[in-house]
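*Asks:* Fold the stuff below for me.
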Amino acid sequence: MEIVYVYVKKRSEFGKQCNFSDRQAELNIDIPPNPELAKQFVERNPVDTGIQCSTSMSEHEANTERFEMETRGVNHIEGGWPKDVNPLELEQTIRFRKKVEKDENYVNTIMRLGSIVEHCIKQNNAIDIYQEYFDDEDAVEVMEEAPSAKTVNVFRDPQEIKRPATHISLHPDGNRKLAVAYSCLNFQRAPEGMSNESYVWDLENPNRPEIVLKPSSPLVTLEYNPKDSHVLLAGCYNGQIACWDTRKGSLVAELSTIEFSHRDPVYGTIWLQSKTGTECFSASTDGQVMWWDVRKMSEPTEVVIMDITKKEQLEHALGATSLEFEATLPTKFMVGTEQGIVISCNRKAKTPAEKIVCTFSGHHGPIYALQRNPFYPKNFLTVGDWTARIWSEDSRESSIMWTKYHMAYLTDGAWSPVRPAVFFTTKMDGTLDIWDFVFKQCDPALSLKVTSQIIRPTKGDIAPLSSLTRVCDEALFCLRVQDNGCFIACGSQLGTTTLLEVSNGLCTLQRNEKNMVSSIFERETRREKILETRHREMRLKEKGKAEGKDSHPREEKPALNLEQLVTEAEEEFFDVIFTELKRREAEAMKEKPKPVGASSGLGAAWPGGSRGPRAACLLTSGDREQRGLLPPIAPGPPALQQVMLTPCNVAADSVSAAGQPQMCSAQQRGHWMEKLILRG
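*Replies:* Model (predicted):
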């Protein structure tokens, strides 16, 4: 029972009312200390103290029912396949089906359920559920809205020193988050104090990042794991591969060693479709492609050198700037290089030389984007220099479609995941181009200026204060398209990430679009093949003509070395001299009578031997016994006064009795010295 005390008192008994007022402080009493008492003071330690003003506490007890909570997970695999069977592997599924079909329980169950299901099957077959009732009616023209896009959100780099956004990755589950890598790619031009941090943003909260990633080196690429959304894979500027688990905080969970990592910045990282979900591979400008397992990143599991000469020499390798992998083609991957060449590779090849299958060359600079068409994997998109090109694996000489050369440099590109005819490109002038080559092929269907920074003039500027604000275009560096194709994220040079939403016409599959795109690709591929054949024939004809011109003189005169050419020139020279002398001799014989008698020694027709009407011929031999001067003969023509031949070892009787000069060997003529003194 609770007892309550009540005190009752009249108001008149309260006394006189107190009246307080403010006044200055005054000293009423002053008692000086007593030194004798101070000497008797003893300090007490410890001292027990207590206070009266304290918070009152009370204890209460209550009996409540306790609910025990526990966490359970269900590993659901589509199709009811066992854990050891990968539904994506065709061979494993076929092998498992054959194994189950041989089981007796399976046969008995099918026979027992067959009669039950047969009735339902007959009901379904009685009605054509796919019948179209309004095929004959004329199609009603629907006014389609013009292509458009609007800005949904803007995520800005919170650091004072701005850095370019180099890569964007969207959360695989619902795309609720956005991971952005920030890095300055200008070699040795990064400002002092620049942060290495990258961020994970919540799409609904652009004010501050949800998670801060703190690497040892700036991140160039960043990718979510499609099987575990808490794990992120990143390629660093110093060539290392890093892995984060957002459940463990901002620090790196796994990091590759520098000795076995890339030597240049990592421009491409992709997760592989595997059972464990821990395998990935990376590419860098050092010319290497490496495969990793994030559970053990001490060294790569496999390395491929991008040497198109197939000599496996790292100094001849081409630097990789982009990487492409399609899950439906697990053994193939493609690499875009700094030299503008796309390298198609086969990972399962037996020898390193066979891993590089073929190359596609068509760009004048680095290839910044490379992606297969999600509907037609044989066709892929490349973005580099001033154009975007669409290729076919069946045509290696040239691309089948390409855009015009733009005034601004192209930096990135991607296909639409829902429309096979739509792709996106970004440019250095801050423009996002949306192409729809079914609707228009010469120009983009929509060109949108995404980033523009407003700069207001200050007192220090040359422009007057009354002038209008000016706009400075901010270059776009990267883009990423959401899985449903409705949202596009673009990263800029100053670290601004803009989330855009496109109109329904750009993210909805149009009627007969797949057939139209397929026919366009086939038509352009066929056209390029015809042109390739024609160019090949023209090159063969030109080559045949060139070889014919070269082979004609070679048939008359085979290739000679330097000594043979000198010998040939000497023979031609002496042939001309002897022919001219013979002609002049014949003319002199017609003009003068033949002398009677014969000269002794060298000839019988003319005095002086059979050398004919030469002005003077002095034969000087290496043998001193044969040295001598021929007797004077009849004067020759005025143009040629004297011919002096100085052999090294030629006898004086090298002239035949018939008056014709004997042809000496090439070795002898090589020692001759000719000197013609012509009368002026």
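*Asks:* and the longest helix for this protein?
*Replies:* helix 513-556 (DSSP state H).
*Asks:* For that one, name the packing helices and strands.
*Replies:* For helix 513-556, the elements it packs on are strand 387-392, judged by 3 or more CB pairs under 8 Å, 6 or more residues apart in numbering; DSSP states H and E. Quick note: C-beta positions are derived from backbone N, CA and C, even for glycine.
*Asks:* Tell me which residues of the strand it packs on come out buried.
*Replies:* Neighbour-count burial for strand 387-392, counted by 16 or more other CB atoms under 10 Å, picks out 387-392.
*Asks:* Sheet partners, orientation included, of the next helix or strand after it?
*Replies:* Next helix or strand after strand 387-392 toward the C-terminus (DSSP states H and E): strand 401-402. If you go by DSSP bridges, strand 401-402 pairs up with strand 387-392 (antiparallel).
*Asks:* got the angle between the partner strand and helix 513-556?
*Replies:* Interaxial angle of strand 387-392 relative to helix 513-556 (axes from the mean of the first three to the mean of the last three CA atoms, to 10 degrees): 90 degrees.
*Asks:* Please state the offset of strand 387-392 from the chain centre?
*Replies:* Distance of strand 387-392 from its chain centroid, counting by CA atoms, centre = their mean, to the nearest Å, is 14 Å.
*Asks:* what's the average pLDDT for it?
*Replies:* For strand 387-392, mean pLDDT rounds to 91.
*Asks:* What's the first helix or strand after the longest helix of the chain?
*Replies:* Taking DSSP H and E, what comes next after helix 513-556 is helix 562-591.
*Asks:* Could you pull up the mean pLDDT of that next one?
*Replies:* 85.
*Asks:* Show me what the helix or strand harbouring residue 243 is packed against.
*Replies:* Element membership for residue 243 (DSSP H and E) is strand 241-245. Applying 3+ CB pairs under 8 Å, 6+ apart, one finds that strand 241-245 contacts strand 231-236, strand 254-255.
*Asks:* can you do 7 Å?
*Replies:* strand 231-236 (3 or more CB pairs under 7 Å, 6 or more residues apart in numbering; DSSP states H and E).
*Asks:* So which bits of the strand it packs on are buried?
*Replies:* Those would be 231-236, for strand 231-236 by 16+ other CB under 10 Å.
*Asks:* what's the offset of that strand from the middle of its chain?
*Replies:* 18 Å.
*Asks:* now stretch 244-251
*Replies:* 29 Å.
*Asks:* okay, how far is it across that stretch, tip to tip?
*Replies:* The first and last residues of stretch 244-251 sit 7 Å apart, counting by CA to CA, to the nearest Å.
*Asks:* Could you list the residues in contact with it?
*Replies:* For stretch 244-251, contacts defined as CB atoms under 7 Å, 6 or more residues apart in numbering pick out 200, 211-214, 230-232, 252-253.
*Asks:* got those as CSV, with distance to residue 59 columns?
*Replies:* As requested, those are exported to CSV (distance: CB to CB, whole Å):
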residue, distance to residue 59
200, 46
211, 43
212, 44
213, 48
214, 47
230, 43
231, 48
232, 49
252, 49
253, 46
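*Asks:* Just the buried residues of these.
*Replies:* In the contacts of stretch 244-251, burial by neighbour count holds for 200, 211, 213, 231-232, 252-253, counting by 16+ other CB under 10 Å.
*Asks:* pLDDT and distance to residue 518 added to these, as TSV?
*Replies:* Below are those laid out as TSV (pLDDT from 0 to 100; distance: CB to CB, whole Å):
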residue	pLDDT	distance to residue 518
200	92	39
211	89	43
213	91	42
231	90	37
232	92	37
252	89	45
253	89	44
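*Asks:* Does anything pack onto the helix or strand hosting residue 200? Which helices or strands?
*Replies:* If you go by DSSP H and E, residue 200 is part of strand 198-202. In terms of contacts (3+ CB pairs under 7 Å, 6+ apart), strand 198-202 is packed against strand 177-182, strand 211-213.
*Asks:* what's the closest of those strands to residue 112?
*Replies:* strand 177-182 (49.8 Å; CB to CB).
*Asks:* Tell me the bridge partners for residue 395.
*Replies:* Assigned bridge partners for residue 395, using DSSP bridges, are residue 392.
*Asks:* ok, it to residue 64 distance?
*Replies:* 75 Å (CB to CB, to the nearest Å).
*Asks:* Among those two, which residue is more densely surrounded?
*Replies:* residue 395 (19 against 5; other CB atoms under 10 Å).
*Asks:* I figured the more buried one hits residue 528, correct?
*Replies:* Yes. Judged on CB atoms under 7 Å, residue 395 makes contact with residue 528 at a distance of 4.3 Å.
*Asks:* Contacts only, for residue 211.
*Replies:* Contacts for residue 211 were tallied using CB under 7 Å, 6+ apart; they are 199-200, 246, 250.
*Asks:* any chance of the buried residues of strand 231-236 in CSV, plus distance to residue 576?
*Replies:* Putting those into CSV (distance: CB to CB, whole Å) gives the following:
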residue, distance to residue 576
231, 89
232, 87
233, 82
234, 82
235, 76
236, 78
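*Asks:* which among the residues you listed gets closest to residue 14?
*Replies:* residue 232 (75.9 Å).
*Asks:* Quick check: that closest one touching residue 219?
*Replies:* No. Applying CB under 7 Å as the test, residue 232 and residue 219 come out as separate, 9.5 Å apart.
*Asks:* hmm, back to that, state the mean pLDDT of the longest helix of the chain.
*Replies:* Rounded mean pLDDT across helix 513-556 is 79.
*Asks:* likewise stretch 362-382?
*Replies:* 90.
*Asks:* Buried ones in that stretch, by neighbour count?
*Replies:* 362-363, 366-373, 375-376, 379-382.
*Asks:* repeat for stretch 333-350
*Replies:* Applying 16+ other CB under 10 Å to stretch 333-350 flags 333-347 as buried.
*Asks:* out of the residues you listed, what pair is the most spread apart?
*Replies:* It's 340 and 347 that sit farthest apart of the buried residues of stretch 333-350, by CB to CB, at 23.3 Å.
*Asks:* check contacts around residue 363.
*Replies:* Residue 363 makes contact with 340, 382, 384-385, according to CB under 7 Å, 6+ apart.
*Asks:* Which members of those residues are positioned in strands?
*Replies:* Residues of these located in strands (DSSP state E): 382, 384.
*Asks:* Among the contacts of residue 363, which one sits closest to residue 130?
*Replies:* Comparing those against residue 130 with CB to CB places residue 382 closest, at 39.8 Å.
*Asks:* nearest to residue 293, of the contacts of residue 363?
*Replies:* For those, the nearest to residue 293 is residue 382 (29.7 Å; CB to CB).
*Asks:* quick one: contacts for the closest residue to residue 398 other than its chain neighbours?
*Replies:* Nearest in space to residue 398, with sequence neighbours left out and distances taken as CB to CB, 6 or more residues apart in numbering, is residue 528 at 5.7 Å. Contacts for residue 528 (CB under 7 Å, 6+ apart) come out as 395, 398, 400.
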